[in-house]
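**Student:** Pasting the sequence and the predicted model now:
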Amino acid sequence: MERIALLSPVCSPRLQNYPLYIRSVPTENELKFHYTVHTSLDVVDEKISAMGKALVDQRELYLGLLYPTEDYKVYGYVTNSKVKFVMVVDSSNTALRDNEIRSMFRKLHNSYTDIMCNPFYNPGDCIHSRAFDNMVTSMMMQYVK
Amino acid sequence: MAFVTLTGLDLIYNAVHRAVWDAFCANRRADRVPISFKVLPGDHEYPKCRTKRTSYEWYIPKGILKTGWMNKHLNLVPALVVVFYELDWDETQWKEKQSECATRVEIVRQSLQGRNTKVAVVLIQKKTPLPPGEDVIASERAAALCNACDLSGKSLFVLPHTDHLVGYIIRLENAFYEHAQTYYYTEIRRVKSHKEFLNKTTHQLLFVRHQFKIAFFSELKQDTQNALKNYRTAYNLVHELRAHETNMLEIKTMAGFINYKICRLCFQHNTPLDAIAQFRKHIDLCKKKIGSAELAFEHAAWMSKQFQAFGDLFDEAIKLGLTAIQTQNPGFYYQQAAHYAQERKQLANMLCNHDSSVTHPIPDPLETQSGVLDFYGQRSWRQGILSFDLSDPEKEKLGILALQLKERSVLHSELIITLLSNAVAQFKKYKCPRMKSHLMVQMGEEYYYAKDYTKALKLLDYVMCEYRSEGWWTLLTSILTTALKCSYLMAQLKDYITYSLELLGRASTLKEDQKSRIEKNLIKVLMNESPDPEPDCDASAVKTSQKLWADRVSLAGSNIFTIEVQDFVPFVQCKAKYLAPSFHVDVPVQFDIYLKADCPHPVRFSKLCVSFNNQEYNQHCVVEEAYQKSDILEQSSQGTMCLVPGKTRKFTFIFVAKTEDVGKKVEITSVDLILGSETGRCVILNWRGGGGDAASSQEALQAARSFKRRPKLPDNEVHWDSLTIQASTMIISRVPNISVQLRHEPPALTNEMYCLIVTVQSHEKTIAKDVKLTAGLKPGQDANLTQKTHVTLQGTEMCDDSYPALLPDIPVGDLQPGEKLEREVYIRCGTVGTRMFLVYVSYLINAVVEEKEIICKCHRDETVTIETVFPFDVAVKYVSTKFEHLDRVFADIPFLLMTDILSASPWPLSIVNSQLQLSASMISVDQLESYVENVVLQTGESASECFCLRCPPVTDSQGGVATGRYIISWKRSSAADSVPVVSTVITLPHVIVESIPLHVNADLPSFGRVRESLPIRYHLQNKTSLVQDVEVSVEPSDAFMFSGLKQIRLRILPGTRQEMLYNFYPLMAGYQQLPSLSINLLRFPSFTNQLLRRFIPTHIFVKPQGRQGDDASIAAA
Amino acid sequence: MTVHNLYVFDRAGTCLHYSEWHRRKPPGISQEEEFKLMFGMLFSIRSFVAKMSPVDMRDGFLCFQTSKYKLHYYETPTGLRFVLTTDLGVGSARDALQHLYSNIYVELVVKNPLCPLGEPVQSELFRSRLDAFVRALPFFSARAA
Amino acid sequence: MTRVEMADEALFLLLHNEMVAGLHRAAEQGEAENGRCITKLENMGFRVGQGLIERFTKDTARFKDELDIMKFICKDFWTTVFKKQIDNLRTNHQGIYVLQDNKFRLLTQMSAGKQYLEHAPKYLAFTCGLIRGGLSNLGIKSIVTAEVSVMPACKFQVMIQKM
Amino acid sequence: MAIFSVYVVNKAGGLVYQLDHYAPRAEAEKTFGFPLDLALKVHDERVVVAFGQRDGIRVGHAVLAINGADVSGRFTADGRDVLELLSNPAHYPVSIRFGRPRLSSNEKLMLASMFHSLFAIGSQLSPEPGSSGIEMLETDTFKLHCFQTLTGIKFVVLADPRQAGIDSLLRKIYEIYSDFALKNPFYSLEMPIRCELFDQNLKLALEVAEKAGPFGPGP
Amino acid sequence: MSRQAGRGTESKKMSSELFTLTYGALVTQLCKDYENDEDVNKQLDKMGYNIGVRLIEDFLARSNVGRCHDFRETADVIAKVAFKMYLGITPSITNWSPAGDEFSLILENNPLVDFVELPDNHSSLIYSNLLCGVLRGALEMVQMAVDVKFVQDTLKGDSVTEIRMKFIRRIEDNLPVGEE
């Protein structure tokens, strides 16, 4: 089981960090998952602000493991355009090592980039895209155990 | 801590002993050795020691660890027993005492039969002992005593109770500590020694037990490193045990213990990561060890406990200076503990829902004869039974039942909430606002389950805004749903309504049917009925709440709720928009209120009203309608007071601005939409300012950026997104309907009374009352212009500096429609330069707006820039009587003052008069009259005057002599007679006056004729008070022959004049140089001929010979 | 060797550009007349040549010469006609004309939105570049100078 | 080779020109209208800028600071879009940056002097938007204006709006 | 090496003599199915290919024969309109012979006078003073050389671009003209030349020139 | 510091993206400006035409392709040279009409729509209609009147994108009136 969330850029004026896209498999107790993603932003924000202060030379877009909970692992990724990707995976899912996660984020990012390039997409709107859905679905299927 | 017992101390009756004891107990700080002391009577019975079995062959352990064991070694079995005994070296009855002491020791030894506990003797003495070796008796008696008690010398101590008691005590206990150490050491050895008798098959339990004991003793021995090592092995051994439903609990319990020990030690050793790693391992290993399904809640409870315990350890460590981080802090463990607590609760609810008839079995299977278990983690009803198959299923059932019933009495929610709040406290520290809110939501929900709705709401309310402001609608919705339930169950009207409003709103992610349900309820509430209960609420709670609602209903009326919707996302959206950024006071102010409902069913409202920063207007902006309960939900009738979902409804308001608001902003301070009615219940949705809510600004922004095409709408409809809030407008004064014209003839001339003719004509339909004229220098220009500019309406007399620069509010009466009035404004500018002049006409007029009469103040202003120039430039020069330019004049010798008036004005000037006012030092040769009187000068023309003056000699002419003033009185030729004459005064320059010794002047005809004699007479006048010798000579010239003294020296008396006559005879015609006269004053060598030339002519015109006729005429001339 | 003048016509016969360097004989007629005449002549030459040619043609008309000058002709498939007159000494100016078309006309006229097609070229940049280019031609001599 | 490489650039060039022309054809004359067209072009540029930067920065490391971003715009971004770097970047360190391109691709074919100067603005609007969009997507809100005194040189002034 | 043809034009621009010395044949016959995948059009009284070309058939070629029967202009021998005929599916398959259309004699007249005027314009448009008319006109398939006598008669020779020695040939033709045309008592000036001797000598001169080939005239 | 990541070789690709995105921005802008998609299509075609008439010159200048005398030749040049040069793709040519005056260009992938996902309310929008205009304009400049239209479009769910081109007539250029 794993879940993927894509969060709006911080720089969006008033409402920050509102979800652009959330998807989870399986869909039961999705709400819990929403909370998990939402709370994980604490860590993301922290990391970002740390970069701002150049405390850490975090030059990579992939933020790595944000924090582990009993049953999930939460990973984060922030694009240069400050769009945040959060991925929650079942901690029991051993198939997913750092590299897999990383490459999944890359996939997400690429696909997101395409969306940004879709002239009919209005940046900041929630994402309703067949292409994106399919990509996410296939990606999840690939790893769902 | 090492356990040491002290005997032979009488704390009650013996002060000395008391003091000793206190010295032991008092302030045991870290610097003191870790010993726990206990005073026991000398004949105290210590726990019996079982006879050591020589072989484990047939020994089958009944459990891992006895429940008593740890306590035994902490508090019962000492490492050392100290016997206190009062005895001085010089004791008289030494023998007796010695043997008594020996017996005491013996008694102790007896009761410690079989244990390795050490025994020590402390002699309490009155005297301070001499330094060792000096006291011979002491040493031998000491030896004797050791013999008697069969003690090693190391175990005998002397305690003189003198002043340095504490010092002695500390030395003592250090000694004790060493003994204890050795004791525990030997204990460890002993336990270890058992190991080799054990075999893997039957004695696994013992492996764990021994390992544990070793670790435990090491701990008592303060050897934490080994303790840790051994606990670790013990831990691994526990998990090697074959786990089965029956011993699962035991294993977990032990694992729990050991894990706790390990983690604590790790934190102690400041290796938190090891602690965490161990804990994770522990959890991973035990997570799945659930044990019997019927008691699943037990496992959850256990898990929760594990996490909580670790959380506590972690927190403890932090208090001791460990630093935690955002992603690794106790919070997570408390949170997890809470999580398991919740799970426990759920399981309990599932497994322990026996109906009330089921009672606690008797006899209570949880009872044991000893009242306690003898092994940790075993079931009370089958202690020590190791076989995995359940010997007595019946008993088993009862046992389980008992436990289940017991679980029922647990207050889960309390546990959960405490854990959660612990977590919250932690996350607050480690800046995790969202995590914090999340936990608070959980707490809220837990309170909800615990039926403490007030607390629940308090928490939920508190966090709602976080989720709202971050736009997490799903989460917000779920929170709202819970909140709604609470408010329902408490029959909290206002909250109930508020939450409904938002749950119906566009931010809510509820399904249509749910929304519809909520809306129906809301309407019921508005109609003063009780709403239907929220789904899946606790039945009993619903019962109570229904009563509450009923009561609410009964006390109808006085049920008006104002709800500030600004800060959330209500189901009605509102935007206020003025039609223009500014309105003239005499046109009605218009604005629209746009409303849009996002709820599933149409909603009626009873009233819509708008408030302004000027309340006056409020009453004009109200929409109201008699409110029939009946058609509240009726789809068909969509009258003005009904909002149809998704449709934008527009209300246009018109009001007439107050005249006093001219120049002010009229702001919409709030919009109120009233649902329900005063009679029943009513809710006032209140938007601060021009509407908008928590989500609207973001939406507006997105809409602005969007490239989406907006489908064409019928003209009367608009796109909600395309509407922008415009909540304030400016009231500006009525457009004046008069004309103001200015006539004048620029430029202005310095100091003249410049005439500016102002013509005001009214084009108003009605009479313009109280017309006022303001005219003059426009304010806000160079300050000193104000000094030099003066304005008046009277052109008749010259205005002086007392006059103002600006004439304010000159009343000029009323103006009939079409009437025209004219005023002359006279401006006197004292200096040249450009000035801006303002002419401002204000008046009052009645206007009718929306058949309402108002008096408007209108005004029109004209500004005009006027250049001020000098009317003319006056040039003054001094010339000799021969019109030669003079840079100085000579005393007593007449000269000419010439004035030149050049008109610089573009308009003709009439010079009324001119006047020369001479200073005292000047005398006019002939009387002065003006030559330019009434002369009119056109532009560029100039008028000149000439005055003949003489200046008497002056003593010192440094800086020259004042000449006087030249005054020109003038006015524009165009100006009316009434207009005063301007006098321009020109101060004449000073002249340098020089006196000369001799003044010469010649008189001779104006011309000569060839070959006709030409008589010339020179007058030489001695200006000095001395006799002067004068040499006069005349050089010949080719043009003349002459007769007369060619060269002479003569003497002239002071003041007198000498005359010399010459007769010149011109030889050639033309302008000829006269034979030059040269004079030489012996007294005044400075008197030169150049100077002379000033006074006498050098040339003369000589006519050719002419006919006789002419001569006559010439003679006549 | 020397260059006399240059004409650029479009298909419709509009003279897009004319410039001259060493022209000693003034046209007896107005410039429009001259342009008309020139274009007319070229047009007839095209059809004349097409009929006269014993075999199928590719480029068709290339150049002609009289006792005093030589006229070089280059036509693009889009019907642009570049006409350069030089003295007799000059060999083929075809490459020059081609370059003039593809590197100067296309770059500075076609790609300049402010030069409407089918009207005389106003761009100073074009004029100056073209002038510079022609003056730099090997067979451009400053004889007149 | 290089010529072919530039081919699609020609296509962009013509498209851009035609966009400008097209919008102005559609709008009836008048200052206001002209202004609106400029805004439209600017907005289009903005959107394109957002998209491009998203792609361009996909594989780049994280930016250190504002200046770092600006440099990126001047070097990589400009090169990929206009085949050359910005010639000169100046800043007052108070949030104003001036990017100078001495041979701005969209002007080179028009004039090398003052001819057509009055037309320059509408051919710069899109690029202004491009920069603004790019920056905004990197979290920098700004106002971008362009200034031409002699074509084809062009100055883009970026004023950062602090948020 | 080839000299294609010779034209003599009098000072009025009238063609007084024409000789086609060498005409390469460019013809192709092909059988077509319906519809015809070539765009045909009528161009000065001929049916020619407007667009589309394959296997030797090129734009500008005229329909010379249909199913072997020669076509004269727009009409078949039996007077049917070629375009109509070909637009009717019933007549397919059909074999058509295409080729460069031959110049008819009055086309030649027309072209001569056309050149006459081009010649004049050529000199008028000269950027240099005192220029003659067109003396040489080059295309990728042939060169046209023109020599105008002082008396205003033009001798025009069409030759392969690589053919040399044309100038001397033109002089030669002038000689031949004066020897065998002018000196012929029956020849009246400005009138078409019909003299055997002229023809013979002319042909002879052409052959000589051709033999000389690119190396210029022999000694 | 200069960031080398994602530069160099990609730069050409990038600039083609610049074109794609710019085109997208244009289309959406038009969608906003015009009431219905038909008008947008018209506008696109018109703009395409204006581009075409200029682009052809650039094309001829770069590729030394001469005048075509045969439609098949034209088709080849368009597909193999022009599309390759400007869009980096080589459509295949199919479905010749018997009269050889009509054919289809099949675009396996159409760079213009690389990232595009059509919203449902644009069913009748012909997103890439600009291309038709371009082709029409360009060919008209070389005396070919053609009719160009999309018959299939991947955006509309078709498997490929197909542009249909029909030769109408050859435009004869004759001397403008009042000359010769």
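**Tutor:** Received the coordinates, thanks.

**Student:** Which of the residues in the host helix or strand of D:Ile69 are classified as buried?
**Tutor:** Using DSSP states H and E, D:Ile69 sits in helix D:66-72. Buried residues in helix D:66-72, counting neighbours by 16 or more other CB atoms under 10 Å in any protein chain shown, are found at D:Glu66, D:Ile69, D:Met70, D:Lys71, D:Phe72. Quick note: C-beta positions are derived from backbone N, CA and C, even for glycine.

**Student:** Ok, stretch B:786-803 next?
**Tutor:** If you call a residue buried by 16+ other CB under 10 Å, then stretch B:786-803 has these buried ones: B:Thr786, B:Lys788, B:Thr789, B:His790, B:Val791, B:Thr792, B:Gly795, B:Met798, B:Cys799, B:Tyr803.

**Student:** Mind checking which of the residues you listed land in strands?
**Tutor:** The strands, defined by DSSP state E, take in B:Thr789, B:His790, B:Val791, B:Thr792 from those.

**Student:** I'd assumed B:Val825 was in contact with the first one.
**Tutor:** No: in terms of CB atoms under 8 Å, B:Thr789 does not count as a neighbour of B:Val825; the distance is 11.9 Å.

**Student:** which residues are common contacts for these two?
**Tutor:** B:Gly776 (CB atoms under 8 Å, 6 or more residues apart in numbering or on different chains).

**Student:** For chain D, which residues are neighbours of chain A?
**Tutor:** Within chain D, the residues that sit near chain A (CB under 8 Å from any CB of the partner chain) are D:47, D:50-51, D:53-55, D:57-58, D:60-65, D:136-139, D:141, D:163.

**Student:** who touches stretch B:136-150?
**Tutor:** So stretch B:136-150 is contacted by B:87, B:89-90, B:94, B:98-99, B:101-102, B:105-106, B:121, B:129-130, B:132-133, B:151-153, B:155-156 (CB under 8 Å, 6+ apart).

**Student:** if you set the cut-off to 6 Å instead, what comes out?
**Tutor:** Stretch B:136-150 has contacts (CB atoms under 6 Å, 6 or more residues apart in numbering or on different chains) with B:Trp89, B:Gln98, B:Ala102, B:Val105, B:Gly153, B:Leu156.

**Student:** among these, who's most crowded?
**Tutor:** Comparing the contacts of stretch B:136-150 on neighbour count, B:Val105 comes out first with 25 neighbours (neighbours: other CB atoms under 10 Å in any protein chain shown).

**Student:** and the nearest residue to that residue once chain neighbours are set aside, how many residues sit next to it?
**Tutor:** In this structure, B:Val105 finds its nearest non-sequential neighbour in B:Cys149, 4.2 Å apart by CB to CB, 6 or more residues apart in numbering or on different chains. By other CB under 10 Å, 24 other residues sit near B:Cys149.

**Student:** cool, the one 3 residues further on as well?
**Tutor:** Using other CB under 10 Å as the criterion, B:Ser152 is surrounded by 9 other residues.

**Student:** which non-adjacent residue is nearest it?
**Tutor:** B:Ser152's closest residue in space is B:Cys146 (CB to CB, 6+ apart), at 6.9 Å.

**Student:** Can you give me the distance of the one you found to B:Asp461?
**Tutor:** Look at B:Cys146 and B:Asp461: by CB to CB, to the nearest Å, they are 79 Å apart.

**Student:** Could you do D:Leu67 as well?
**Tutor:** From D:Leu67 to B:Asp461 the distance is 45 Å (CB to CB).

**Student:** What are the contacting residues of stretch F:63-71?
**Tutor:** For stretch F:63-71, the external contacting residues (CB under 6 Å, 6+ apart) are C:Pro77, E:Gly52, E:Gln53, E:Val59, F:Thr74, F:Val77, F:Val81, F:Phe167.

**Student:** can you pick the most crowded of those?
**Tutor:** Busiest of those [other CB under 10 Å] is E:Gly52, holding 25 neighbours.

**Student:** and after the helix or strand that contains B:Val740, which helix or strand comes next?
**Tutor:** According to DSSP H and E, B:Val740 maps onto strand B:738-743. Helices and strands here follow DSSP H and E; after strand B:738-743, the next one along the chain is strand B:748-749.

**Student:** Can you pull out the low-pLDDT segments for chain C?
**Tutor:** Across chain C, the ranges flagged by pLDDT under 70 are C:142-145.

**Student:** where exactly do the helices run in it?
**Tutor:** Ranges of helices within chain C are C:31-52, C:94-99, C:124-136, based on DSSP state H.

**Student:** Looking at these, which is nearest to B:Thr834?
**Tutor:** With respect to B:Thr834, and counting by CB to CB, the nearest of those is helix C:124-136 at 44.8 Å.

**Student:** Can you say which of the residues of chain D next to chain A are buried?
**Tutor:** Judged by 16+ other CB under 10 Å, buried ones among the residues of chain D next to chain A: D:47, D:50-51, D:53-55, D:57-58, D:60-63, D:136-139.

**Student:** Spatially, which two of the residues you listed are the most separated?
**Tutor:** D:Arg47 and D:Ala61 (25.6 Å).

**Student:** quick one, what contacts the residue of chain C found nearest chain A?
**Tutor:** Nearest residue of chain C to chain A (CB to the nearest CB) works out as C:Pro113 at 22.9 Å. By CB under 6 Å, 6+ apart, the contact set of C:Pro113 is D:Asn17, D:Ala21.

**Student:** how close does it sit to D:Lys40?
**Tutor:** 16 Å.

**Student:** now swap in B:Glu1059 and tell me
**Tutor:** Taken as CB to CB, the span from B:Glu1059 to D:Lys40 is 107 Å.

**Student:** Now chain F against chain E: closest residue?
**Tutor:** F:Gly100 (3.5 Å).

**Student:** Pull out the buried residues from stretch B:491-506.
**Tutor:** B:491-493, B:495-506.

**Student:** let me fix that: stretch B:904-912
**Tutor:** Buried residues in stretch B:904-912, counted by 16+ other CB under 10 Å: B:Ala904, B:Ser905, B:Trp907, B:Leu909, B:Ser910, B:Ile911, B:Val912.

**Student:** again, but for stretch B:99-114
**Tutor:** If you call a residue buried by 16+ other CB under 10 Å, then stretch B:99-114 has these buried ones: B:Cys101, B:Ala102, B:Arg104, B:Val105, B:Ile107, B:Val108, B:Arg109, B:Ser111, B:Leu112.

**Student:** pretty sure B:Ser437 is in a helix, no?
**Tutor:** Yes: according to DSSP: H, G, I helix; E, B strand; the rest coil, B:Ser437 belongs to a helix.

**Student:** what about it, neighbour count?
**Tutor:** Every residue meeting other CB under 10 Å relative to B:Ser437 is counted, giving 26.

**Student:** Please, where are all the helices along the chain?
**Tutor:** Because you didn't say which chain, this covers chain A. According to DSSP H, the helices that chain A contains are A:30-52, A:98-117, A:130-143.

**Student:** You answered for a different chain; I wanted chain F.
**Tutor:** Counting by DSSP H, the helices of chain F are F:10-33, F:37-62, F:71-76, F:84-87, F:130-141.

**Student:** Please report the distance of the nearest residue to B:Leu548 once chain neighbours are set aside from chain F.
**Tutor:** Leaving aside its sequence neighbours, B:Leu548 sits nearest to B:Ala491 (CB to CB, 6+ apart; 3.6 Å). Note on B:Ala491: its distance to chain F, by CB to the nearest CB, to the nearest Å, is 46 Å.
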